[in-house]
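> Okay, predicted coordinates and the sequence, questions at the end:
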Amino acid sequence: MRETATTLLPTAKNEGITFDAIGMTYPDGTNAIDEASFSVGAGEFVTVVGPSGCGKSTLLRIASGLLEPSSGTVDIDRNHLGYVFQDPTLLPWRTVRQNVELLAELRGLPRAERSELAGVAIEMVGLGGFEQHYPKSLSGGMKMRCSLARTLTLRPPVFLFDEPFGAVDEITREHLNDQTQQIFQREGFAGLFITHSISEAVYMSTRVLVMSARPGRLVAEFEVPFGYPRVQDLRFEPKFAELSGEISRELRGNS
Amino acid sequence: MTELQTTDAPLAGEEIPGALVVSEPVARRQARRQARRRASLASILIPPLLFGAFIIGIWYVISYLVIAPRRRFLLRPPHDVLQEGFLKWESLSELLDALWASSKVALIGLAISIVLGMLMAVIMSQAKLLERAMFPYLVILQAIPILAVVPLIAFWFKTGINARIIVCVLISLFPIIVNTLFGLQSADRGMHDLFTLQHVSRWTRLSKLMFPAAMPAIFAGLRISAGLSVIGAIVGDFFFARGEIGIGQVLRKYANNLDGEQLIAAVIVSSLLGVTVFLFFGWLQQRIVGRWYADSGAP
């Protein structure tokens, strides 16, 4: 299943992901996902919230092709796919710059081009000045930003985020939310974000999907009416609290 | 010289490593750093030196007070060992020649073990079936006492340098294979996913992910095997008891002649060889993987 490496710059911007009746049952009989159908278009930022172990991350593994679904199909261009993992997964023997250049290097891009891509991505996440540092000397938040920059070098029209900010502290998380939001605005990708933080979901997304516990099933969908750019004070608006409350009730009712 | 400054404004709520705010003049800072380095060097050197002096003291006590004068040949005092074993050119040159012969054997054997061991580990890491097929035999190879194999090797390969090198390889191969294999399998699933998503070739995955990830474990194996190859060279020489004279034969001769001073000198020299190889790989490890990992600059 090797595909030829293509250019990083997406040719068509109007790409997205469509899940069609995706079901996932593991060989041991665990039913992880039940009949999930939804799509994420370009310029949409869709977040899936759900209790731990409800199969949220499984959705991303299926979307990226790391996992074959038991049933259903996914329509996605896997040559232009950004995937930010739960862990930063930086290679400890590479500096920040070398880590950010990794994906472009694996795709066989010439040195000058990947260096330029990495430079831009490093600036975008605000890691300028740390290019020569090794991951061991970075804080958790900086590692995550380095990981984000690495994915950004692909300029992906489809961006998958698997609970990327779950392990960092509250303040850092808010900064990373803002940064991701800015990048989303600038790049206009189709974003599929996984989290179990309702506040993060509402703050970032155009749409929030609620997933129930095993078997994971999409039980509710909420449009988020706020425009971009959003600022942190939004979290204290009554409308924000109201929407968060509705999502929270939906989550509890099904867990 | 100007002061260190960080121009990039950090995001609030994140600590910035390496960006110490320094207000002292550079000269004073350097002086302090030098003082600190001297202090740490002293704290590293003084305890073992004191303990060494203590051991030599005990040695004198045993030589002069515990052993009766007519049986003193069993443990000559340290200055006799120095005088007879190291300061007499005749015995020292014999010792150095033997050291050279054994070092040659140990280093060639180690080099072969490294190449062969890593190659086998890479092959085993690429084919699970091969790993399962070969591993039990490697454990058996490791479990055979080297003394049991030496006569067999002499029987098959005579007692020249080749036979000695084979003894070295047999004794030092296993740690390299096991540690390299363990290291190659140490890259976590997330990193493998990262590579899988880019549809990389087997070779790219091996050279850019698995092999660098294996480096710390490989060095752990190298340090063990380096010591073992020195032992292999001496044991082989001791039991073959002919051919180019190495440390093993010298040890045997001194023991037979009841040359206590020279025997102890030979023991010291042979351990120095092992220590040197061990330290060399430790240094190399620090040079290569030290800056990746957190334990490098730890106090």
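Sure thing, it's come through. It should be emphasised that the depicted structure is a prediction, and the values quoted were computed from it without experimental measurement. Numbers count the residues shown, from 1 in each chain, chains lettered A, B, ... in the order given.

> Can you give me the buried ones in the one helix or strand B:Ser40 maps to?
Here B:Ser40, judged by DSSP states H and E, is contained in helix B:26-61. By 16 or more other C-beta atoms under 10 Å in any protein chain shown, the buried positions in helix B:26-61 come out as B:Trp59. Where you see a C-beta, it was placed from the backbone N, CA and C, and this is true even at glycine.

> cool, stretch B:250-258 as well?
Within stretch B:250-258, the residues that qualify as buried by neighbour count (16+ other C-beta under 10 Å) are B:250-254.

> Can you list which of these are found in helices?
Residues of these located in helices (DSSP state H): B:250-254.

> residues touching A:Leu127, list them.
Contact analysis of A:Leu127 by C-beta atoms under 8 Å, 6 or more residues apart in numbering or on different chains lists A:96, A:142, A:145-146, A:149.

> Report pLDDT for it.
In this model, A:Leu127 is scored at 90, pLDDT.

> For it, what are phi and psi?
Recorded main-chain torsions at A:Leu127 are phi -100, psi 10, according to degrees, to the nearest 10.

> mind checking the SS state of A:Ala36?
For A:Ala36, the reduced secondary structure class is strand; criterion used: DSSP: H, G, I helix; E, B strand; the rest coil.

> Just grab the bridge partners of it for me.
The bridge-partner assignment for A:Ala36, based on DSSP bridges, gives A:Ile22.

> my guess is it meets A:Leu59, correct?
Yes - the criterion here is C-beta atoms under 8 Å, and A:Ala36 meets it with A:Leu59 at 6.7 Å.

> elements contacting the helix or strand harbouring B:Ala266?
If you go by DSSP H and E, B:Ala266 is part of helix B:260-289. Contact analysis of helix B:260-289 by 3 or more C-beta pairs under 8 Å, 6 or more residues apart in numbering or on different chains; DSSP states H and E lists helix B:78-81, helix B:89-126, helix B:211-240, helix B:247-256 as its packing neighbours.

> Just the helices from chain A, written as ranges.
Listed in chain order (using DSSP H), the helices of chain A are A:56-64, A:96-106, A:111-124, A:140-152, A:170-187, A:198-204, A:238-253.

> I'd like these as JSON lines, with mean pLDDT, mean neighbour count and distance to chain B appended.
Putting these into JSON lines (pLDDT from 0 to 100; neighbours: other C-beta atoms under 10 Å in any protein chain shown; distance: least, C-beta to the nearest C-beta, whole Å) gives the following:
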{"stretch": "helix A:56-64", "mean pLDDT": "90", "mean neighbour count": "23", "distance to chain B": "6"}
{"stretch": "helix A:96-106", "mean pLDDT": "94", "mean neighbour count": "23", "distance to chain B": "4"}
{"stretch": "helix A:111-124", "mean pLDDT": "92", "mean neighbour count": "17", "distance to chain B": "10"}
{"stretch": "helix A:140-152", "mean pLDDT": "92", "mean neighbour count": "24", "distance to chain B": "5"}
{"stretch": "helix A:170-187", "mean pLDDT": "89", "mean neighbour count": "18", "distance to chain B": "4"}
{"stretch": "helix A:198-204", "mean pLDDT": "93", "mean neighbour count": "22", "distance to chain B": "16"}
{"stretch": "helix A:238-253", "mean pLDDT": "91", "mean neighbour count": "15", "distance to chain B": "21"}
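
> so which of those comes closest to B:Ser93?
helix A:96-106 (51.4 Å; C-beta to C-beta).

> Restrict that closest one to CA atoms and write it as CSV.
Extracted in CSV, the C-alpha atoms of helix A:96-106 (Å, rounded to 0.1, in the frame of the first residue of the first chain):
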residue,chain,number,x,y,z
VAL,A,96,13.6,20.8,17.2
ARG,A,97,14.4,21.8,13.6
GLN,A,98,15.4,18.3,12.6
ASN,A,99,12.2,16.9,14.2
VAL,A,100,10.1,19.5,12.3
GLU,A,101,11.8,18.6,9.1
LEU,A,102,11.2,14.9,9.6
LEU,A,103,8.0,14.4,7.6
ALA,A,104,9.3,16.4,4.6
GLU,A,105,12.5,14.4,4.8
LEU,A,106,10.6,11.1,4.8
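
> Need the residues that contact that helix.
Residues from elsewhere that reach helix A:96-106 (C-beta under 8 Å, 6+ apart): A:8, A:90-91, A:94, A:113-115, A:117-118, A:121-122, A:127, A:130-135, A:138, A:146, A:149-151, A:153-154, B:194-195, B:198, B:200, B:204, B:208.

> hmm, back to that, for B:Leu41, which of the helices of chain A is the nearest?
helix A:96-106 (32.5 Å).

> still on that earlier bit, tell me which two of the contacts of A:Leu127 sit farthest apart.
Using C-beta to C-beta, the two most remote members of the contacts of A:Leu127 are A:Met142 and A:Ala149, lying 10.3 Å apart.

> Report how many residues lie close to A:Lys225.
One correction, residue A:225 is Pro, not Lys. Here the neighbour count serves as a burial measure; for A:Pro225 (other C-beta atoms under 10 Å in any protein chain shown) it reads 8.

> care to break the chain down by domain?
No chain specified, so I'll use chain A. A:8-80+A:157-255, A:92-155 (automatic domain parsing).

> that's the wrong chain, I meant chain B
Domain assignment of chain B by automatic domain parsing yields the ranges B:1-75, B:77-289.

> I'd like those domains laid out as a markdown table, including mean pLDDT.
Formatted as a markdown table, the entries for those read as follows, by pLDDT from 0 to 100:
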| stretch | mean pLDDT |
| --- | --- |
| domain B:1-75 | 70 |
| domain B:77-289 | 90 |
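
> The ones you listed: which one's closest to A:Gly108?
When the domains of chain B are ranked by distance to A:Gly108, counting by C-beta to C-beta, first place goes to domain B:77-289 at 9.5 Å.
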